[in-house]
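**Q** Model the structure of this input:
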Amino acid sequence: MFLFIGGSEIIIILFFIVIFFGANKIPSLARSAGKIIREIQDASDDVRKEIQKNSSDINDDFDIKK
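**A** Below is the predicted model:
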């Protein structure tokens, strides 16, 4: 998930998050981030399903067999 970020960089980033937002706000920020990520995943799943449905409709129209 973290392509070019090492362990020490993650610790430094987390330290600055705690300093900037405070320890009390971190759980609500994490919850909000989780909800946003879930919504993005749901939207991408919907797009993927729609593409698959449309491609199968096209295959049926042209009688293409896999």
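**Q** where along the chain do the helices fall?
**A** Secondary structure of the chain, counting by DSSP state H: helices at 7-21, 26-62.
**Q** Pipe these into a markdown table and attach mean pLDDT per row.
**A** Below are the helices of the chain laid out as a markdown table (pLDDT from 0 to 100):
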| stretch | mean pLDDT |
| --- | --- |
| helix 7-21 | 88 |
| helix 26-62 | 88 |
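**Q** Would you reformat those as a markdown table and include mean neighbour count?
**A** Using the backbone N, CA and C atoms, a C-beta is placed for each residue, glycine as well. Output for the helices of the chain, formatted as a markdown table (neighbours: other C-beta atoms under 10 Å):
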| stretch | mean neighbour count |
| --- | --- |
| helix 7-21 | 11 |
| helix 26-62 | 10 |
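**Q** residues in contact with Asp45?
**A** Applying C-beta atoms under 8 Å, 6 or more residues apart in numbering to Asp45 gives no contacts.
**Q** Kindly report the same for Arg38.
**A** With C-beta under 8 Å, 6+ apart, Arg38 has no contacts at all.
**Q** Quick check: it vs Asn59, distance?
**A** Using C-beta to C-beta, to the nearest Å, one obtains 31 Å as the distance from Arg38 to Asn59.
**Q** roughly how far apart are the most centrally placed residue in the chain and Arg48?
**A** By C-alpha atoms, centre = their mean, the chain has its centre lying nearest to Ile37, at 4.2 Å. For Ile37, the distance to Arg48 equals 16 Å [C-beta to C-beta].
**Q** Ile10 too?
**A** 30 Å.
**Q** Likewise for Phe21?
**A** 34 Å.
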